[in-house]
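Q: model this:
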Amino acid sequence: MTAKPTSFRARLVLLLACVLIVTTYALLMDLKGISTDEGFRLWIINGGHSFAPAEGSSDTSWARVLEACRPHAYQPLYFLIQNSVMRITGGHSLIFFRSVNLAFLGLCLLGLLVLSREWRLAPRLFLLGVFSFNAYLFMHVLQIREYIAGVAFYIWSTWVVLELEQRPLARPRDEMPWFAGYGGLLALGFYVQSWVVFPAIGQFLYLLLRRTGQRPRFYAHLAFSYAIVLAATLPYLASHRQKIDVGLWASDSDSLESHLSDGFHLVLSGHLAGQSRFTDFLFYFWPAVIAGGAFLFLWDRTSSPAPVAAAESRRQGLLMILCVTVSLAFQIGYTLQVENLAVWPRYFVIHYFFLTWLIALAFRYLWELRGAAAGWARRLTLATGALAAVLAISAVYQIRSFRQDPFLDTGLNTVSNWRNVGAELARFLGPRDVVVMSDYITQSTLTATRPMPNAVLLLPDLETSDLHSADRLVYIEPDGTQTQRGELAERLQALGFGAMQERILLAPDGKTVVPTWRALIFQRP
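A: Just a heads-up that it's a prediction; the model follows:
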């Protein structure tokens, strides 16, 4: 059964729901500062330069962005988009950069509405809610990282694949734009995030399994899509081999099982295991909903109009399962053979859309079945009402939880964060003081958090920098490096800054100590 065209009232309700979602994210946008991972990305966005108070770097061209990105395992498109918007608007505050991610969130919501265009209003609202109100997604949208752009790719490429599978190919030339568009979308997705390769493999397997008629012609068209991908990506890969040979970064010794548990707890409940009884309940509840829906999809073949909804759900569910399976197989294989980087919690966002879609499919099928199973109608109404109630409670919990602790996956907290460090520096820095940082990642994070007129140098550059006009050198010492103070003091004494004073950094209340960093102030004798 195909649902009737969406009424004006339903479109208005969906629009208001999307506005509510984006507004909620906007209100949560400025709860915390940035992590060093975000600072590093901002350094790339700004063409390999720190930020000044009034404006971005004077040289923030695409060429500089690509040059800054070249040695690192990041794809460049997200950085080029942020760089372009920054140069066009002249804005470079943290809220500004996060606002770009809100645009990607809006693109995700639009994709969900396009994918669910034949659904009734209640299942579409449930879909928007279960996708949007999750602390794990809050984290990914409200960090200056490219992951939400990847999620947008997963959503829109899913829509294109579902369309491709049913293209009639009666007039092959008329169908070529669809296949060319899919090839272009895959290429764009690759330049956003290399992880898109694995769901794309799942999509390939789906198209091979599901296509029944005109297979030779269909495969020829699909080959055209992949030819576009290869033509658009192979030259880049040939000159950026580090994009393939990602370095060994993971150093923790946690087991594969613990990483998988953490990752799927975050995706399904928005929190790690043990956060609360409610989130632990969600971790089991949502898979039970998927399993229950799958059972009904397979079992019910007679009720009308539910069989049509069941057939479409089976079709879409197969695609989602293949995308999750291929991606998870890579994560596990890479962990067993190389290192556990692939199962770090942040990377489970690759499964987020596919799993939330499976949850929404189950709800949608129950909603359709209400009108088809006369003896079950009351029972199914209670079931769908219970699902909606759990979602509503979860949405309130997720928002409240993120407001209380927005530092998930950053290594920071309400006291130990760069925003507090920057505010403390502003209290005691003189106009002729020079700030010294241990590396360019922390340098870029500090200047992005609080752009300052003072020079901000790196330790390796001290001997080659002009320090004649400097009154003091203020070194921001990372926690755990106190054993290197003697060597540092000798270096600065040779440069004429022999007197050292340690200063504890305080939070804005003037009492709470920021434990992660200290300031070492070096003056001339």
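
Q: Break this structure into its domains for me.
A: By the assignment in automatic domain parsing, the chain contains the domains 9-241+252-404, 418-523.

Q: Find the helix or strand that the residue lying closest to Gly293 once chain neighbours are set aside is a member of.
A: Spatial nearest neighbour of Gly293, excluding adjacent residues (CB to CB, 6 or more residues apart in numbering): Ala362 at 2.6 Å. Any C-beta I mention is one placed from the backbone N, CA and C, and that applies to glycine too. Ala362 is part of helix 352-370 when elements are defined by DSSP states H and E.

Q: what separates that helix from the chain centre, distance-wise?
A: Distance, stretch centre to chain centre, for helix 352-370: 23 Å (CA atoms, centre = their mean, to the nearest Å).

Q: And for stretch 149-162?
A: Offset of stretch 149-162 from its chain centre (CA atoms, centre = their mean): 14 Å.

Q: same deal with stretch 125-143?
A: That offset, for stretch 125-143, works out to 11 Å (CA atoms, centre = their mean).

Q: picking that back up, show me what the helix holding Ala362 is packed up against.
A: If contacts are counted by 3 or more CB pairs under 8 Å, 6 or more residues apart in numbering; DSSP states H and E, helix 352-370 sits against helix 121-132, helix 135-141, helix 147-165, helix 256-269, helix 277-299, helix 306-337, helix 377-404.

Q: Between those helices, which one is closest to Leu488.
A: helix 135-141 (35.4 Å; CB to CB).

Q: Looking at the closest one now, give me its mean pLDDT.
A: The average pLDDT within helix 135-141 is 97.

Q: Can you show me the CA trace of it as PDB?
A: Output of helix 135-141 as PDB, limited to C-alpha atoms (Å, rounded to 0.1, in the frame of the first residue of the first chain):
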ATOM      1  CA  ALA A 135      23.300  12.200  23.200                       C
ATOM      2  CA  TYR A 136      25.700  10.300  20.900                       C
ATOM      3  CA  LEU A 137      24.400  12.200  17.900                       C
ATOM      4  CA  PHE A 138      24.400  15.400  19.900                       C
ATOM      5  CA  MET A 139      28.200  14.900  20.400                       C
ATOM      6  CA  HIS A 140      28.900  14.300  16.700                       C
ATOM      7  CA  VAL A 141      26.800  17.200  15.500                       C
END
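
Q: Report all helices and strands that it contacts.
A: helix 94-115, helix 147-165, helix 352-370, helix 377-404.

Q: list the buried ones in the second one?
A: Same thing as helix 147-165. With burial defined by 16 or more other CB atoms under 10 Å, the residues of helix 147-165 counted as buried are 147-158, 160-162, 164-165.

Q: and what of the last one?
A: For helix 377-404, burial by neighbour count (16+ other CB under 10 Å) applies to 380, 383-384, 387-388, 390-391, 394-395, 397-399, 401-402.

Q: Just want the angle from whichever helix or strand comes after it to helix 94-115.
A: Next along the chain after helix 377-404, taking DSSP H and E as the criterion, comes helix 418-428. Orientation note: helix 418-428 sits at an angle of 160 degrees relative to helix 94-115 (axes from the mean of the first three to the mean of the last three CA atoms, to 10 degrees).

Q: from the buried residues of helix 377-404, which single one is nearest Gly422?
A: Phe402 (22.7 Å).

Q: wait, doesn't the closest one sit right on Ala135?
A: Yes - Phe402 is within contact range of Ala135, at 4.5 Å (criterion: CB atoms under 8 Å).

Q: any common contacting residues for those two?
A: Leu408 (CB atoms under 8 Å, 6 or more residues apart in numbering).

Q: List of residues touching the helix or strand hosting Phe40?
A: Phe40 is part of helix 36-45 when elements are defined by DSSP H and E. Helix 36-45 is contacted from outside by 34, 49-51, 60, 65, 68-69, 72, 74, 79, 82-83, 86, 97, 143-146, 410-411, 418, 440-446, 448-449, using CB under 8 Å, 6+ apart.

Q: Mind checking which of the residues you listed are in helices?
A: 65, 68-69, 79, 82-83, 86, 97, 418, 440-446, 448-449 (DSSP state H).

Q: Buried among those residues? Make that a ChimeraX selection.
A: The ChimeraX command for the buried members of the ones in helices among the contacts of helix 36-45 (criterion: 16+ other CB under 10 Å) is given here:
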select :65,68,69,79,82,83,86,97,418,440,442,443,444,445,446,448,449
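
Q: ok, Phe353 - contacts?
A: Counting by CB under 8 Å, 6+ apart, the residues that Phe353 touches are Cys108, Phe131, Val151, Tyr154, Ile155, Thr158.
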